[in-house]
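> A structural model of the following input is requested.
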Amino acid sequence: MKPGWNAQAPYGRLAKSRSSRDAGRVIALASQPLDGIATSDCIQVDDAGPAGDAGLCFPYMACGQLYAFHRSLFLGNSPDQPSRSGTVSRVVRGVTIHSL
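Model (predicted):
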């Protein structure tokens, strides 16, 4: 690996996501300011830098889960009915839960 590769990898993924035209807007979530990324396009988690990648994975996942939850509510879906057509269901059929 060449020096600086790890530091530049997020920029490449961010640029690729933004150029795909599948998303209306791509917002970065970072533990430190990102050079060349407008502050309006980046959510910075203050004082998280020392945590490292492993320490930040769960807070970062929580942001994605919360976004997905609120977006699904906006679209008229709910945790009990994840799709209007019934294609996706959270009910597992054929499983019996026995008391202890």
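> just want the most central residue of the protein.
Gly64 (2.9 Å; Cα atoms, centre = their mean).
> the helix or strand harbouring that one packs against which elements?
Element membership of Gly64 [criterion: DSSP states H and E] is helix 52-74. Using 3 or more Cβ pairs under 8 Å, 6 or more residues apart in numbering; DSSP states H and E, no helix or strand is in contact with helix 52-74. C-betas here are computed from N, CA, C, even on glycine.
> name the residues of it that are buried.
Neighbour-count burial for helix 52-74, counted by 16 or more other Cβ atoms under 10 Å, picks out Leu56.
> now do the contacts for Gly52.
By Cβ atoms under 8 Å, 6 or more residues apart in numbering, the contact list for Gly52 is empty.
> surely Gly76 touches Ser83?
No - the pair Gly76 / Ser83 is not scored as a contact, 9.8 Å apart, by Cβ atoms under 8 Å.
> okay, the two: which has more neighbours?
Set Gly76 next to Ser83 and count neighbours by other Cβ atoms under 10 Å: Ser83 wins out with 12 against 9.
> now the more buried one. Nearest residue, chain neighbours left out?
Asn77 (6.2 Å; Cβ to Cβ, 6 or more residues apart in numbering).
> and for Ala28?
Across the structure, with Cβ to Cβ, 6+ apart as the measure, the residue nearest Ala28 apart from its sequence neighbours is Cys42 (4.4 Å).
> report the separation between the one you found and Gln81.
When Cβ to Cβ, to the nearest Å is the yardstick, Cys42 and Gln81 sit 34 Å from each other.
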